[in-house]
Each structure stands twice: as C-alpha cells, then as structure tokens.
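>>> quick one, what's the 3D model for this:
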Amino acid sequence: MTVERVQKVLAAAGVGSRRACEELIADGRVTVDGEKVTLGAKADPTAQIIAVDGERVAVDPRLVHLMLNKPPQVVTTASDPKGRRTVLDLVPEKPRVYPVGRLDRDTEGLLLLTNDGELAHRLAHPRFEIEKTYVAQVAAPVPKGLMGRLRAGVELDDGTAHVLSARQLGSDSKRVLIELTLAEGRKREVRRLLAAVGHPVQRLARVRIGPLTLGELSTGKYRPLNGREVRDLYRAVGLGAEPDGGDDRADDGSARTSGRRQA
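Prediction:
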C-alpha cells in the first residue's frame, strides 16, 4: 500500500498542478471511493477510486494506456506461433500490455494496448456498444444508393450487420473512400459487409474507438494516452466514481476487481 496526499496523486495523474488539485479538493469536487475529501486527505492510488466532478481518474501508476497506429501485416496478438511480427513488437516490452480487441492482419489504424483489465474488458465487450469508425477504400465507382443500403443493414452469414453511419469521404477515378461506424465488433465485419454489397475492401483503417481518435499519429508509432483521454474512455464504458459494490463479477461469472491489471 502506498498512501499519498490526494492532491499529489491527482497531479501525478495529469489532472493539473498540485496547487490546482488542491483547489479542486477545497471546492469539494474530489471524492475517494465515493466520499468527498478535504485538504490533507490521503489515498492509496493502487487500490482506491478517485474522481473529480464524478469522473474517475486513472491514478494507479502501474496502469499503462497506449494508442498504436497499427501497420498492415502485423498481427494483433501477444505471441504468434508462426513467428510473425506482432503489435507487442511495436511498444515497450515493460510494463506488459495487451491489445484491446483485435484488428486483423491486413487492417491498419487505431489499436489500444493496456494492462487496465477492467477498462479493456468493457471496451471489448459488445454489451457496452462502443462505437468504432473505419475508413475503407474500395474500387470506383460505387452506386449512388450504396450508403443508404449500408445504413439499412446488410445480411451476412452470421446475421444482419448494422451500420450506425455510412458516408462517402471522397473519390477519384480509381477509388472511393467510405467512412463506416459500427458498434458490434464482429470478426472482419467491415470487410464482409462491403464484400456482400459488391465492393470488396482494398484497404481498411480504424480511426476511432469511442471518444478516442487516431489523429496524426504516424503508422507504426505509439503514444501514451493523456489523463483526459483515459477519463473519456472510463466515462464511455460506465466506469464512474462509485465503487462497483457487492456484485463485482464479470459477465462470464469470473471474479474481477475494478482497475486491476490483467494476469
């Protein structure tokens, strides 16, 4: 157990300067495990939930959250029996992180890697319906009504694929760029639904996961998420200020503890 003053913990998490964090506490905007604290209060950042204005702050210094712009021809796995290059070859070896969900080998773009087990679980679980946006390149031309057809739903062999939004970003004589947003996350869903409407994907990139956008991060590069980005992800998956209470079980029935690292 490492107990520190709350303003020091918040400042280390990037909420603001220590003075600014003291003002947040003095204004009654900070809670520890759901209880409002006053100046001088201490907390264990590795075991307690600290929130500002009801938004949980990632204060555990052991937790790592990385954004990677995955290149094509790299596999999304912790180890590959075929010896192919994996996403873990593109980030520091320590502390150990794990990919959240999966991008297939040919797909590039935004991938999260973390040792924050609770956040990873929620981001990947279909129940939380985290939206993901992709940009697909297909051969030109495409018919005028294609976007409406995609939005209406496309029948696949494992059920209808529902697209939350579809729009054409641009085109030239050879290619068309289509932006699609989904919240289902079925295996190779974007590739399969575009193939089903007669426009197989030539190139595919994920550019957004929930509130997090890829931005200008170069292919093959990674960066740590900042405090605001982590708080936005926590909010998107419903990780609020209050402890989970008595029912601290995962959907599969296994025991888990909020914010703890994966094994």
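
>>> just checking, E155 touches L193?
No. Between E155 and L193 there is no contact under CB atoms under 8 Å: 9.1 Å. Every C-beta, even on glycine, is put in place using the N, C-alpha and C of the backbone.

>>> who's more crowded, those two?
Comparing E155 with L193 by neighbour count (other CB atoms under 10 Å), the higher total belongs to L193, at 25 against 10.

>>> any common contacting residues for E155 and L193?
Here E155 and L193 have A161 as joint contacts, going by CB atoms under 8 Å, 6 or more residues apart in numbering.

>>> helices and strands around the least confident helix or strand in the chain by mean pLDDT, which ones?
Lowest by mean pLDDT, DSSP states H and E among the helices and strands of the chain is strand 55-57, with a mean of 89. Packing partners of strand 55-57 (3 or more CB pairs under 8 Å, 6 or more residues apart in numbering; DSSP states H and E): strand 50-52, helix 227-236.

>>> what about 6 Å?
helix 227-236 (3 or more CB pairs under 6 Å, 6 or more residues apart in numbering; DSSP states H and E).

>>> what about the helix it packs on, distance to the chain center?
9 Å (CA atoms, centre = their mean, to the nearest Å).

>>> dump that helix to PDB, keeping only the CA atoms.
Taking Å, rounded to 0.1, in the frame of the first residue of the first chain, the C-alpha atoms of helix 227-236 are listed here in PDB:
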ATOM      1  CA  GLY A 227      -5.400  11.900 -18.500                       C
ATOM      2  CA  ARG A 228      -8.300  13.400 -20.300                       C
ATOM      3  CA  GLU A 229      -8.400  10.600 -22.900                       C
ATOM      4  CA  VAL A 230      -8.400   7.900 -20.200                       C
ATOM      5  CA  ARG A 231     -11.100   9.700 -18.300                       C
ATOM      6  CA  ASP A 232     -13.200   9.900 -21.500                       C
ATOM      7  CA  LEU A 233     -12.700   6.200 -22.100                       C
ATOM      8  CA  TYR A 234     -13.800   5.400 -18.500                       C
ATOM      9  CA  ARG A 235     -16.900   7.500 -18.900                       C
ATOM     10  CA  ALA A 236     -17.700   5.900 -22.200                       C
END
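
>>> list the buried residues in that helix.
227, 229-231, 233-234, 236 (16 or more other CB atoms under 10 Å).

>>> of the residues you listed, which is the nearest to P200?
A236 (31.4 Å; CB to CB).

>>> look up how far G54 lies from the closest residue to the closest one other than its chain neighbours.
Nearest in space to A236, with sequence neighbours left out and distances taken as CB to CB, 6 or more residues apart in numbering, is G210 at 4.2 Å. The spacing between G210 and G54, counted by CB to CB, to the nearest Å, is 18 Å.

>>> which of these two has more neighbours?
Under the neighbour definition other CB under 10 Å, G210 and G54 were set side by side, and G210 has more, 19 against 12.

>>> what residues are up against Q168?
I178 (CB atoms under 6 Å, 6 or more residues apart in numbering).

>>> for it, helix, strand, or coil?
Classification of Q168 by DSSP: H, G, I helix; E, B strand; the rest coil places it in strand.
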